[in-house]
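Enquirer: return a 3D structure for these sequence lines:
(2 chains, ligands or ions: 2)
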Amino acid sequence: MKHVISDVMTITKRQLLQLARIPELLVFSTIQPVMFVLLFRFVFGGSIETGQPGGYVQLLMPGIFVQTVAFTLAATAVGLAEDMKKGLIDRFRSLPISRGAVVIGRTFGDALLNILVLTVMAAAGYAVGWRPTSGGLSIFAAFLFLFMFGYALSWIGIYVGLAVKEARTVQSVGFLVTFPLTFLSNAFAPTTGMPKALQYFAEWNPVSTMVAACRQLFGLKNEFGATASSWPSQHPLETSLLYMFLLMAIFIPLSIRKYKNTSN
Amino acid sequence: MKSVIAEHLVKTYRNGEVKALDDLSLDVEEGTVLGVLGPNGAGKTTTVRILATLLKPDSGIATVAGIDVAKHPDKVRELIGLSGQYAAVDETLTGWDNLVMFGRLYHLGKLTSIKRADELLERFSLTDSARRPIKTYSGGMRRRLDLAASLIVQPKVLFLDEPTTGLDPRGRQEMWGVIQELVKGGVTLLLTTQYLEEADQLADEIAVIDHGKVIARGTSDALKKQVGGERLEITVENTDITKTQEIVSRISTSAIHTDVRTISAPVSTGSIALMEALRALDEAKIHPLDIALKRPSLDDVFLSLTGHVAEEEVIAQPVKKKRGGKK
Ligand SMILES: Nc1ncnc2c1ncn2[C@@H]1O[C@H](COP(=O)(O)OP(=O)(O)OP(=O)(O)O)[C@@H](O)[C@H]1O
Ligand SMILES: [Mg+2]
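Expert: Ligands and ions are numbered 1, 2, ... in the order given. Just a heads-up that it's a prediction; the model follows:
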C-alpha cells in the first residue's frame, strides 16, 4: 500500500509526542540505566580485578549497554499490551491503514528512544571513567550493533505483547526473559566461575556475544568473555549479527501475522 | 437498500463452551438507525466487532455497504466509523493530538487533519480542553472525543457500542443530542445499548438480543404492542391497599400485581378504566397518592420477551425485579 511510510511515521510520531507530553517518561527511561552505570561502577568497580587497562568500568560499560538495550523487549511488549488493553489497537485495526504499520511504528519509536538512552549512558560512562580505546569508526559500529540488537529484541517484544495482552503479566514475562539472559552471560562477571552446563549456555547466549562484540569494538582484549574457546566467543561479531538476523527473520513476519489475526 | 447485513453469525469462545453469538441475523436499512438492545453478555460487542472487521465469525456472513467484511476488510474500513464500548484514544496525548493523529491515519494531509480536528473539537464542545491530555477529561468528554475520532472522514456506516454507558444523565442527554445530529446528517447507524429508553429515543428500529440471538425486532411501538396494552397503576397509603386491590380487580380483566404500595394491572379500556377507578376510589374514600395509565415501557418488552430484566436495570431499579412474576 502506498501509505505505509506515512502510517508508520504517524504511529512513531505518536510515541514521540507521548514523551513530549509527559517529560517524566523520558527522565525515567534514562535514569535507570544511568543508575546501573553508577551502581556497578562504584559498588563492584573496586573489588573486581580485570587485568584490563582502565579497570572494571571498561568491561562493565558494554555489559550495561547490552543489558539496557535488552530491556527494550519488555518496554515494547508493555507498551503494546497497554495499547491493546485500552482498545487503541482495535481502533487502529478498524482504520484503513496498512497492515504492519502499527507494530512497525512502535518498534521505530522504541528504537528512537534507545538512541537517546544510549547517548545518555555513554555520557554517564564517560563521566565515571569509561574510555573506549578503538577508533571512531569501531565505536560507531559498536553503537550500531547495540541499536540493532535492541531493534531485533523489540520484535520479540511485539510478539510477547500481542500474545500475552495483559500489561502486568507482559512486564513479568519481559523480566523473566531478560534477567536470566543478562546475568547468565559474561556481562558482569566471567563465565569461568559458572558450572560447566551454564558456561555453555552463557557462551551461546546472544547477550554474551553482544557484550563480547562490543568489548572488541571498543578496543578491549576479548578475554573476559571468552573462557572455553567456543565458536561464539571466538567470533562474537559474526555470531551477534547472525542472532540479530535470525531474530528479525523469525519475529518480524510472525509478529505482523499475529497482529493481523489478533483479537481479544 | 440494506447498508448492513449480518446473516447467521456464530461466534464461540473457549472451544465452543461460550456461545457469544448463536445464529444471529440482522440488517440495517440505509440511512436509518438500528438499536441493538441487550443485557450484559448478550453479544452486542461481539456483533459490532465482527461488523467492524475486528473479529472473524466462526460461521455466517456479514456485509457492510454490500462488501463482505471477512473477505475485504480493507475496503470496509474505508467506509465505517467505530466507537467501541470503551473510549479508545491515547490517554497521554491531548484531544487535539489524537484527532490529528487519526486524521493522518485516514490519510488526510497534515493541514486537512488539523482543520478537521479543530472542526470536530468545536462541534463536540471540546475546544477549551483541546490542549489537555485525555487523562484529565471527564467520562463524557472522553466519549465525545472518541466519537469525534470515528467521524474524521464522514463514515457511510457508523457503529457505536454502548455510547452512553457510564455517563451521568446530563452526559447521556448531551450524547443523545450529538447522535441525533449525526443521524440528521444521513449516516447509517448501528448502536448498541443496555438502556431501553435509549433505543426508544434514538433508534428507528430495535433488535432485542439475548444469549447471542435476536429474540425480537421491530419499531419501538411494534415491540410495545407485542407486550400488550396499557396498565393502570395506583399508589395508595398502606391502609388502603386491600380495598384498592379489590377495586382494581373489578376493573381489570387479568391478574393484578402489587409492588409495595403500587397496585397495577393491565386494562383494555384505556381512559374509561382510569375514570372508573377514580370513581370507585372516591366512593371508598380512598385518596390515591398517584394514579396513572401507563403505556408499556421497553423494560416491560424486555421482561416479557426474555423472562428476565436487563441486568443493568436490576441494579439501578431493584424494585422492578419483582415484576418477574408477571410473565
Ligand atoms: N475473548 C473472549 N473469551 C471468552 N468469552 C468471551 C470473549 N469475548 C466475549 N466473550 C463472551 O461472549 C459473550 C458475549 O460477549 P459480548 O462482549 O459480545 O457481550 P455484550 O453484549 O457486549 O455485553 P456487555 O453489555 O457487558 O458489553 C459473553 O458471555 C462473554 O463472556
Ligand atoms: Mg459490550
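Enquirer: which of the residues in the helix or strand hosting B:Gly103 are buried?
Expert: Per DSSP states H and E, B:Gly103 falls inside helix B:95-105. Buried residues in helix B:95-105, counted by 16 or more other Cβ atoms under 10 Å in any protein chain shown: B:95-105. Every residue, glycine included, has its C-beta placed from N, CA and C.
Enquirer: got it, and stretch B:110-123?
Expert: Across stretch B:110-123, burial judged by 16+ other Cβ under 10 Å covers B:113-114, B:116-117, B:120-121.
Enquirer: same thing with stretch B:201-219?
Expert: B:201-203, B:205-214, B:216-217.
Enquirer: how about stretch B:244-264?
Expert: For stretch B:244-264, using 16+ other Cβ under 10 Å, the buried residues are B:244-245, B:247-248, B:251-252, B:256-257, B:261-264.
Enquirer: quick one: end-to-end length of that stretch, please.
Expert: Terminal residues of stretch B:244-264 are spaced 10 Å apart (Cα to Cα, to the nearest Å).
Enquirer: quick one: average pLDDT of it?
Expert: On average, the pLDDT along stretch B:244-264 is 83.
Enquirer: and for that stretch, what are the contacting residues?
Expert: Residues outside stretch B:244-264 that contact it (Cβ atoms under 8 Å, 6 or more residues apart in numbering or on different chains): B:231-238, B:241, B:265-268, B:273, B:276-277, B:280-281, B:284, B:286, B:288-290, B:294, B:319, B:322-323, B:325-326.
Enquirer: which of the residues you listed are close to chain A?
Expert: Applying Cβ under 8 Å from any Cβ of the partner chain, the subset of those adjacent to chain A is empty.
Enquirer: now the buried members of these.
Expert: Neighbour-count burial (16+ other Cβ under 10 Å) applied to these gives B:231-236, B:241, B:265-267, B:273, B:276-277, B:280-281, B:286, B:288, B:323.
Enquirer: taking the residues you listed one by one, which sit in strands?
Expert: If you go by DSSP state E, the buried ones among the contacts of stretch B:244-264 have B:231-235, B:265-266 in strands.
Enquirer: greatest separation within those residues: which pair is it?
Expert: B:Thr235 and B:Pro266 (17.1 Å; Cβ to Cβ).
Enquirer: re the thing from before, need the ones in strands among the buried ones among the contacts of stretch B:244-264 in CSV (columns: distance to ligand 2).
Expert: Formatted as CSV, those follow (distance: Cβ to the ion, whole Å):
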residue, distance to ligand 2
B:Arg231, 31
B:Leu232, 37
B:Glu233, 33
B:Ile234, 38
B:Thr235, 36
B:Ala265, 36
B:Pro266, 33
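Enquirer: just the pLDDT for B:Ala316.
Expert: On the pLDDT scale, B:Ala316 is placed at 38.
Enquirer: ok, now A:Ser263?
Expert: Listed pLDDT for A:Ser263 reads 60.
Enquirer: what residues sit buried inside stretch B:12-28?
Expert: B:12, B:19-22, B:24-28.
Enquirer: check the gap between the residue in the stretch 1-150 of chain A positioned nearest to ligand 2 and chain B for me.
Expert: As assessed by Cβ to the ion, ligand 2 sits closest to A:Gly87 within the stretch 1-150 of chain A, at 11.4 Å. Plainly put, A:Gly87 is 3 Å away from chain B if you go by Cβ to the nearest Cβ, to the nearest Å.
Enquirer: my read: that residue touches B:Gly84, true?
Expert: Yes: if you go by Cβ atoms under 8 Å, A:Gly87 and B:Gly84 touch, sitting 5.2 Å apart.
Enquirer: of these two, which one has the most company?
Expert: More crowded of A:Gly87 and B:Gly84, by other Cβ atoms under 10 Å in any protein chain shown: B:Gly84, with 23 against 17.
Enquirer: residues contacting the more buried one?
Expert: B:Gly84 touches A:87, A:90-91, B:45, B:48, B:146, B:161, counting by Cβ under 8 Å, 6+ apart.
Enquirer: keep only those of the residues you listed that are in strands.
Expert: Those of those lying in strands (DSSP E): B:Asp161.
Enquirer: and which of the contacts of B:Gly84 is nearest A:Glu238?
Expert: Nearest to A:Glu238 among the contacts of B:Gly84: A:Asp90, at 42.4 Å, using Cβ to Cβ.
Enquirer: count of residues packed around the nearest residue to that closest one once chain neighbours are set aside?
Expert: Nearest non-adjacent residue to A:Asp90, counting by Cβ to Cβ, 6 or more residues apart in numbering or on different chains: B:Leu54, 5.6 Å away. Residues near B:Leu54, counting by other Cβ under 10 Å, number 23.
Enquirer: tell me where the chain has helices.
Expert: Unless you meant another one, I'm taking chain A. Along chain A, counting by DSSP state H, helices occupy A:4-21, A:23-39, A:56-70, A:72-85, A:88-93, A:101-127, A:136-164, A:167-183, A:196-204, A:206-217, A:231-234, A:236-261.
Enquirer: let me rephrase: I mean chain B.
Expert: Listed in chain order, the helices found in chain B under DSSP H are B:44-51, B:73-77, B:95-105, B:110-123, B:139-149, B:169-184, B:196-202, B:220-227, B:241-251, B:271-283, B:298-306, B:311-316.
Enquirer: these: which one's closest to A:Glu24?
Expert: Across the helices of chain B, closest to A:Glu24 is helix B:95-105 (Cβ to Cβ), at 17.3 Å.
Enquirer: output the contacting helices and strands for the closest one.
Expert: Here helix B:95-105 touches helix A:4-21, helix B:110-123, helix B:139-149, going by 3 or more Cβ pairs under 8 Å, 6 or more residues apart in numbering or on different chains; DSSP states H and E.
Enquirer: and chain A, is the second one touching that?
Expert: It refers to helix B:110-123. No: shown here: helix B:110-123 not in contact with chain A (Cβ under 8 Å from any Cβ), separated by at least 9.4 Å.
Enquirer: got the contact list for that helix?
Expert: Applying Cβ under 8 Å, 6+ apart, the external contacts of helix B:110-123 come out as B:95-96, B:99-100, B:103-104, B:108, B:126-127, B:130, B:148, B:151-152.
Enquirer: same check, this time on the shortest one
Expert: Residues outside helix B:139-149 that contact it (Cβ under 8 Å, 6+ apart) are A:91, B:83-84, B:87-89, B:95, B:98-99, B:102, B:120-121, B:123-126, B:129, B:134, B:137, B:160, B:163-164, B:166-168, B:170-171, B:174-175, B:178.
Enquirer: show the buried residues in these.
Expert: A:91, B:83-84, B:87-89, B:95, B:98-99, B:102, B:120-121, B:124, B:126, B:129, B:134, B:137, B:160, B:163-164, B:167, B:171, B:174-175, B:178.
Enquirer: out of those, which are close to ligand 2?
Expert: Among the buried ones among the contacts of helix B:139-149, no residue is within reach of ligand 2 (Cβ under 5 Å from the ion).
Enquirer: looking at the helices of chain A, which is closest to B:Val183?
Expert: Using Cβ to Cβ, the nearest of the helices of chain A to B:Val183 is helix A:88-93, at 22.2 Å.
Enquirer: the closest one vs ligand 1: in contact?
Expert: No: judged by Cβ under 6 Å from any ligand atom, helix A:88-93 stays clear of ligand 1, getting no closer than 12.2 Å.
Enquirer: in the stretch 51-200 of chain B, what residue lies closest to ligand 2?
Expert: For the stretch 51-200 of chain B, Cβ to the ion, closest residue to ligand 2: B:Gln85, 4.6 Å.
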